[in-house]
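**Q** With the sequence up front, the predicted model follows.
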Amino acid sequence: MPPNPGALAMIDIQKVTVLGTGVLGSQIAFQSAFRGFDVVAYDISDEALVQARSRLDGLVATYEKEIPQAAGGKAAQALGQIRLSADLADAVAQADLVIEAVPEVLAIKQQTYEALARVASDKTIFATNSSTLLPSALKDFTGRPDRFLALHFANSIWKFNTAEVMGTSDTDPVVFDAVIKFATDIGMAPIPLRKEKAGYVLNSLLVPFLNAATDLAAGGYAGPPDIDKVWRIATGAPMGPFQIYDIIGLSTPYNILSHGDEHARSLAAWLKENYIDKGKLGVAAGEGFYRY
Ligand code: NAD
């Protein structure tokens, strides 16, 4: 029996490596650095790292605009704590935690974990930010199922700061707790899931909600602005479903509907014909269900 089993069981996460510097990876890297962690951001090529640099520069400006604590050079300072690397072994050599945010394609994720397992230290925890894949679909590629779980962020993590933490039946509870603590330390509201669930909490609620709204509009029962209005006034929610659609962007919900049953595919076709084909993809495109 060790003299102090509690102390031995503690895992201290200080160094973080983020794989993939796209929309979410860049945000996770930046938020972790902003909260004082040493961060390495990895992507597949030097060209991808040039894009990473410009995404991170954009986040400095966003944080300065939207977060009072980022004033006085704090956001620029965070940028200075992120090291970019296109060499996987180098990127993860010191990592206590690797957060994977590579494209949502099973084969890419599996290959990423196989390569990662070969070069990372045995003690390093791996976490996937996957939105739609269950961690149990990936655990066998990690070489450490007990130190692997999902840590799922929402887009715009500096203000929509949920972190859903979901292990598999193999995840060590000590690892789970360490990741909950890490999520708290970087300013997230951690949400522990007690078992695996596709869509976590957020998308299990949001996807049927958006589908129901689309069904009402596509069926001609009411227009998007009136559907949003009912939801806002009757529930006190700040946004209706079509306002949320515009923020997410229409492409991802469209892709989800296109892989559904016949009715879902008819809703996808309605979105495509009336909005996507007209370039109305949401806030980022300047127009979706509303103009910006
Ligand atoms: P993205 O396409 O913006 O970025 C993916 C990044 O991964 C790119 O920089 C790309 O160069 C890089 N990449 C490609 N192949 C790679 C490889 N083999 N190894 C390392 N990097 C590689 O994607 P995203 O929207 O940031 O999504 C990434 C993950 O985050 C997905 O699993 C997605 O489900 C999840 N997620 C996305 C959102 C969102 O709103 N975009 C929200 C929550 C979770």
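**A** Sure thing, it's come through.

**Q** Sketch out the low-pLDDT regions of this structure for me.
**A** Within the chain, the segments meeting pLDDT under 70 span 1-9.

**Q** quick check: longest helix of it.
**A** helix 46-66 (DSSP state H).

**Q** ok, and for the next helix or strand after that one, which residues are buried?
**A** Per DSSP states H and E, the first helix or strand lying C-terminal to helix 46-66 is helix 74-80. Using 16 or more other Cβ atoms under 10 Å as the test for burial, helix 74-80 gives 75, 78-79. Quick note: C-beta positions are derived from backbone N, CA and C, even for glycine.

**Q** Closest one to the ligand out of the residues you listed, please.
**A** Checking these against the ligand with Cβ to the nearest ligand atom, the nearest one is L79 at 17.2 Å.

**Q** quick one: F126 and K139, what's the gap?
**A** As for F126, its distance to K139 is 9 Å (criterion: Cβ to Cβ, to the nearest Å).

**Q** residues near the residue of the chain found nearest the ligand, how many?
**A** Closest to the ligand within the chain is G22: 1.7 Å, counting by Cβ to the nearest ligand atom. G22 is flanked by 15 other residues according to other Cβ atoms under 10 Å.

**Q** Could you find the closest non-adjacent residue to it?
**A** A101 (6.7 Å; Cβ to Cβ, 6 or more residues apart in numbering).

**Q** what about that neighbour, how many neighbours?
**A** For A101, using other Cβ under 10 Å, the count is 24.

**Q** so it sits right up against V16, yeah?
**A** No. Contact criterion Cβ atoms under 8 Å: A101 and V16 do not qualify, at 11.9 Å.

**Q** that older thread, between F126 and K139, tell me which one has more neighbours.
**A** The neighbour comparison of F126 against K139 (other Cβ under 10 Å) goes to F126, with 30 against 23.

**Q** buried sites along whatever helix or strand that one lives in?
**A** According to DSSP H and E, F126 maps onto strand 125-128. Within strand 125-128, the residues scored as buried using 16+ other Cβ under 10 Å are 125-128.
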